[in-house]
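Chemist: Fold the stuff below for me.
(chains A, B and C)
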Amino acid sequence: MMQPDLFGTARPDVLLSAGALFLPDFARAQVGRLHAHIQSIAAGSPFRHMLTPGGRCMSVATTSCGSFGWTSGRGGYRYMAFDPETRQAWPHMPPIFRELAYQAAARAGFAEFRPDTCLVNRYAPGARLSLHQDLDEGDMNAPIVSVSLGLPAVFLWGGAERRDPRRRITLCEGDVMVWGGDSRMNFHGVEPVQAAAGAGEHGACRYNLTFRKAR
DNA sequence: AAGTTTCT
DNA sequence: GAAA
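Modeler: As a prediction, this is how the structure comes out:
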């Protein structure tokens, strides 16, 4: 254990579906450190707007840290061991990132989660992520852990099929979502981020950390 | 294919 | 939300 009580939550957990747990405020006490690490990661592997396989520019800007990074392009979605922009390894995953993912997964019933990649998404106002499934990972037994920072956003939580009804959940700074098991393939997305009335402490963007086991 | 616009 |  790194240190006790780094993470925790005042508000109660919310079970969304089997294997899907919303942990409000779970990372709230560490958001300053998490933002600082995002800045360091972006200094090594800058945020960039990738193209979808269809050739459209994503509204979300992405980078990664860890052993692999998620990439998208004409050739499809891929996890790569090297950043194709810098031609160097992705920045290392900070220990506090690993610990956060580990503790959140354990709380949701997924023991011993050892993510090998963390996708870092930056949502400027207007950016969104249309409904999709996470299908590119080699280990579907491992859950997904998602950490929200900066501006709030409405998260869409759907079911195993695209036509299934969706629940709209506002995710705020420090909130954590975990899904795996029977919910691992559920459709999900993010509605367009609204600009904040007042400038936030860490800039007027939403950031999201997504931890996965790519291989 | 992790988009976008338009119509209903 | 559906359609293109």
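Chemist: Quick check: bridge partners of residue A:188?
Modeler: Note on residue A:188: beta-bridge partners by DSSP bridges are residue A:132, residue A:157.
Chemist: Could you list the residues in contact with stretch A:91-108?
Modeler: Here stretch A:91-108 makes contact (Cβ atoms under 8 Å, 6 or more residues apart in numbering) with A:2, A:6-7, A:13, A:19-21, A:23, A:26-27, A:30, A:33-34, A:37, A:40-41, A:44-45, A:65-67, A:111, A:113-115, A:117-118, A:143, A:145, A:147, A:176, A:178-180, A:209, A:211. Backbone N, C-alpha and C define where each C-beta goes, glycine included.
Chemist: Alpha carbons of that stretch, in CSV - could you do that?
Modeler: C-alpha atoms of stretch A:91-108 as CSV (Å, rounded to 0.1, in the frame of the first residue of the first chain):
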residue,chain,number,x,y,z
PRO,A,91,5.3,8.8,-20.3
HIS,A,92,5.3,6.5,-17.3
MET,A,93,2.2,6.0,-15.3
PRO,A,94,2.5,7.9,-12.1
PRO,A,95,2.2,5.7,-8.9
ILE,A,96,-0.7,7.7,-7.7
PHE,A,97,-2.6,6.9,-10.9
ARG,A,98,-1.9,3.2,-10.4
GLU,A,99,-3.0,3.4,-6.8
LEU,A,100,-6.2,5.3,-7.7
ALA,A,101,-7.2,2.7,-10.3
TYR,A,102,-6.3,-0.1,-8.0
GLN,A,103,-8.3,1.1,-5.1
ALA,A,104,-11.4,2.1,-7.2
ALA,A,105,-11.4,-1.2,-8.9
ALA,A,106,-11.1,-3.1,-5.6
ARG,A,107,-14.0,-1.1,-4.2
ALA,A,108,-16.1,-2.2,-7.2
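Chemist: Check which residues of it are buried.
Modeler: A:91, A:93-94, A:96-105, A:107-108 (16 or more other Cβ atoms under 10 Å).
Chemist: where do the helices sit along chain A?
Modeler: For chain A, the helices defined by DSSP state H occupy A:31-44, A:95-107.
Chemist: From the buried residues of stretch A:91-108, pick the one nearest DNA strand B.
Modeler: Using Cβ to the nearest atom of the strand, the shortest approach to DNA strand B within these belongs to residue A:101, at 15.6 Å.
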